[in-house]
Structures are given as structure tokens and as C-alpha cells.
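In: no FASTA, just this:
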């Protein structure tokens, strides 16, 4: 971490050096802790989503709501995380990383506690929205902190390291959720999430030091934030990576929102079996992410690794569409699970490399750029979520079709907007 620290402090006046020295020293001294804290912040969204997944069929019965309505609890949380990032990202560029993060974490804990008490599906949807709005602080600021500390290939490697930590959450979360359901009902899942949120808030307050020195902060208000985002979106290559990552994430979220019903209702698996399969897929994502960070980054261009990941997602989506539509005849759970494993594993190439490539173009506005990256992913994912249940609970075809459409569009954005065959120096348009 010490070699990757930004050199802005060296380029400022002596007064600025004195002001930023505690930040740099504290960050270096707690390098491992910073890594673990950032991993915890990026793990919070999959924890909030995936620990709850095995309980979805139970929630439909407990709250006497149709499956489509209960799936909106996922959509509401996802939409909240998307919209919240648009606010928190510019705030962190103006006021620093710590203050907006701590406020968001406190609100997240309170909203999650209320979710555990919700008597109706409508109230649960409302507080899941608030939970997502507050939880957005962890997502966007974690990425911005990485941009504060790293650049270039080192940033791509660190994103892969974060995937190792945050990727453990999808492995553990459904397993925990399944075991919680053996001991209590779905409300117990939110009690556990409340405790996790409270613990993470205390760790952030104690160990995560400020990484954005005052001289690098923006003084503008809402108008300045909007102008900054407009400038980022005017960069064709940044927008291409943003859309590519968002559409790939939508294919992943189509799996997240539909798999509890597909695996448990259509193929008769227990919540524990579903949790094990989901954990296996998450292991694939983590493993490929580590291959990306440890073996590929620095030896293969980020665009080539990203292209391979998108190609694998597309092939898996095609196979799933053929299997679920009956073109290949009747298939059991094993072939479907294999296709989902390939699709989710390939995210280990797509997600860290799109983030790194986009953020490398935006060193001056990491918070706003991180907000746009996260918002686009979550909004596109929120649109994909209800589409997977549009034909009811007795077919997996909508899930596969949504995944296929997202994969095709992601590859089209990557090729059409990013134009990876050109070197960075020869791409049209300067970094934002």
C-alpha cells in the first residue's frame, strides 16, 4: 500500500503537507485494517441481499403476499443503493470520506432493525428502500477510498483483493440465512444483519482514517456535483465501461433474484441445498477474481481480461436459455447449476476490470465517478429483477432471457464505446 499512495501531499505547499501527513501516516500504519474495513463495506450489499434470499419463499407466506411483490423487497433495496450513491458520492468529494460514511452506516443499522419488525410487505419494501439508500455510503466510499490510495495496475489488483474479501459474503450469507431459518423465521435474518451493521459501524469509526485531504476536496454544491457528473458522462470511454459493468451486474442480479424460486420451487431443492449451490457459485467468482488479480493483471491487458469475462457470460447465458426453454429437452438441476456457475464465475473478470478502467480516467472526482458506476449497476439491476418473474413462478425462461439480453448489450457497449482494440493513447476523447 505504501508504494501506491498518491503523491498529492508532495506537490502541495508546506502547510498542506503538515495537514495531510497524519492521514498518510495513519493509512500506512493500518494498511491491513483499511483493507479489511473496505472489504467489509463492499461485502455489506451482498450480505443484505444474499442472507435474505433463502427466506424469500417463507416471506411470501408469512406476509401473505405474491412472489412478485416480495421480489420488490430486493428491487427496493437495490434501487435505494443506486440512488443513494448519487448523493453520497459527491458528498464524499466535498466533505471527505469518513463523515458521510458514518452517517450512512448509522441509518443503515436503524432501517435494518425496523425491517425485522415489518408487519406487511409494503412496509418491508419501504424500509428496504431506506436500508439501500443508507447502505449506498459503504459501496461508493469504499471505491473512492481505493481510488484515493491506488492507481493503474495496482488499483486493479486491489479491486481483485477486495473481491476475495467481499466475495466471501455471498458464500457465507446464504449458508447463514439457511441456518437462521432452521432456528427462527425470516425476521431473524434482519436481526443478524442489524448486528453486523452495528459492528461494521464501530470498526469504521475506530479504524478507517480520512483518505481525502482538504486540498483535494471540491467546494461546490449540488450544481458543481451535477456539472462534474455531466463531464464524466461526456467521456465516451468512461460511459462505455460504466454501462458494460452495469449490464454485467444486471445479468448477475437476474440470477440473484430468480434463483431462490428456480432452485427451490422448480427443482425442489431445500433452502440449505440452495445455500450450498449459491456458495459454490460465489467460490467460483472469488477464485476467478484472484486469478485476475494475481496472474492476469500486469501480464494481460485489462481490456483483454474483461473481454474474456464478457464472452464467458454470454456463452453461459446462451446455454441457460437453450436449457430452460426446452430446446435441449428436459434437464435437471445439475446442468442449470453448471451454467449459473460459469456465469457467476466470469464476473470475477468483468467487475474488477470495469471499475479499474473507469476510475483510472477520473482521479479528480473519484467519489462522483464511483457514484455513477454504482448507480448505473444498481438501477439496471433493479430493472432486471422484476423482469425475471414476469412469466410467473413456474418457469426459468425469463431469468435466462434477461441474462442473455444483458450479456449481449454489455458486450456491445464494450466494443462500441470503449473500443478496446485501440491503445489508450489513440482512443478518441481525453480522460474526463
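Out: It's in. Predicted model, so just to flag it, every value in this text is computed and none were measured.

In: CA atoms for contacts and neighbours, from now on please.
Out: Fine.

In: For residue 174, give me the pLDDT.
Out: pLDDT, residue 174: 71.

In: Helix or strand: which one has it?
Out: Assigned by DSSP states H and E, residue 174 falls within helix 168-183.

In: And residue 403, by the same measure?
Out: Using DSSP H and E, residue 403 sits within helix 397-413.

In: quick revisit: remind me what the helix holding residue 174 packs against, helices and strands.
Out: helix 31-50, helix 187-207, helix 271-291 (3 or more C-alpha pairs under 8 Å, 6 or more residues apart in numbering; DSSP states H and E).

In: and the angle for it with helix 31-50?
Out: 50 degrees (axes from the mean of the first three to the mean of the last three C-alpha atoms, to 10 degrees).

In: Check the offset of helix 168-183 from the chain's centre.
Out: Distance, stretch centre to chain centre, for helix 168-183: 19 Å (C-alpha atoms, centre = their mean, to the nearest Å).

In: Also stretch 118-132?
Out: Between the centre of stretch 118-132 and the centre of its host chain there is 21 Å, according to C-alpha atoms, centre = their mean.

In: For that stretch, the averaged confidence score.
Out: Stretch 118-132 comes out at a mean pLDDT of 91.

In: What of stretch 312-325?
Out: Mean predicted lDDT for stretch 312-325 stands at 92.

In: Could you give me the buried positions within it?
Out: By 16 or more other C-alpha atoms under 10 Å, the buried positions in stretch 312-325 come out as 312-321, 323-325.

In: Can you name the residues in contact with that stretch?
Out: Here stretch 312-325 makes contact (C-alpha atoms under 8 Å, 6 or more residues apart in numbering) with 328-331, 336, 339-340, 342-344, 346-347, 395-397, 400-401, 403-404, 407-408.

In: What of stretch 369-381?
Out: Contacts of stretch 369-381 (C-alpha under 8 Å, 6+ apart): 78-79, 81-83, 85-90, 139-141, 143-144, 229, 232, 242-243, 245-247, 249-251, 253-254, 355, 358-359, 362.

In: What of stretch 78-93?
Out: Contacts for stretch 78-93 (C-alpha under 8 Å, 6+ apart): 98-100, 128-137, 139-141, 212, 217-218, 225, 365-372, 374-379, 381-382.

In: what is the mean pLDDT for it?
Out: Average pLDDT, stretch 78-93: 81.

In: residues contacting residue 109?
Out: 131, 194-195, 197-198.

In: Please determine how far it is located from residue 199.
Out: Here the distance between residue 109 and residue 199 works out to 10 Å (C-alpha to C-alpha, to the nearest Å).

In: for residue 209, same thing?
Out: Taking C-alpha to C-alpha, one finds residue 209 at 17 Å from residue 199.

In: Mind checking which of these two has more residues around it?
Out: Applying other C-alpha atoms under 10 Å to residue 209 and residue 199 shows that residue 209 carries more neighbours, namely 18 against 12.

In: Give me the mean pLDDT for the strand or helix carrying residue 370.
Out: Per DSSP H and E, residue 370 falls inside helix 366-387. Helix 366-387 shows a mean pLDDT of 79.

In: thinking again about what came up before, what is the distance between the helix holding residue 403 and the centre of its chain?
Out: The answer for helix 397-413 is 18 Å, by C-alpha atoms, centre = their mean.

In: which other helices and strands contact it?
Out: helix 236-259, helix 302-324, helix 366-387.

In: Could you point out which of these sits nearest residue 38?
Out: Closest approach to residue 38 among the helices and strands packed on helix 397-413 is made by helix 366-387 (14.1 Å; C-alpha to C-alpha).

In: my read: residue 104 touches residue 139, true?
Out: No. Using C-alpha atoms under 8 Å, residue 104 is not in contact with residue 139, being 10.5 Å away.

In: more neighbours, those two?
Out: Legend: neighbour count by other C-alpha under 10 Å for residue 104 and residue 139, higher for residue 139 (28 against 21).

In: if I pick that one, what's in contact with it?
Out: Contacts of residue 139 (C-alpha under 8 Å, 6+ apart): 41-42, 45, 85, 374.

In: now do 10 Å
Out: Contacts for residue 139 were tallied using C-alpha atoms under 10 Å, 6 or more residues apart in numbering; they are 38-45, 81-82, 84-85, 88-89, 101, 370-371, 374.

In: what's the answer for residue 56, then?
Out: Applying C-alpha under 10 Å, 6+ apart, the residues contacting residue 56 are 62, 67, 70-71, 73-74, 186, 257, 260-261, 271.
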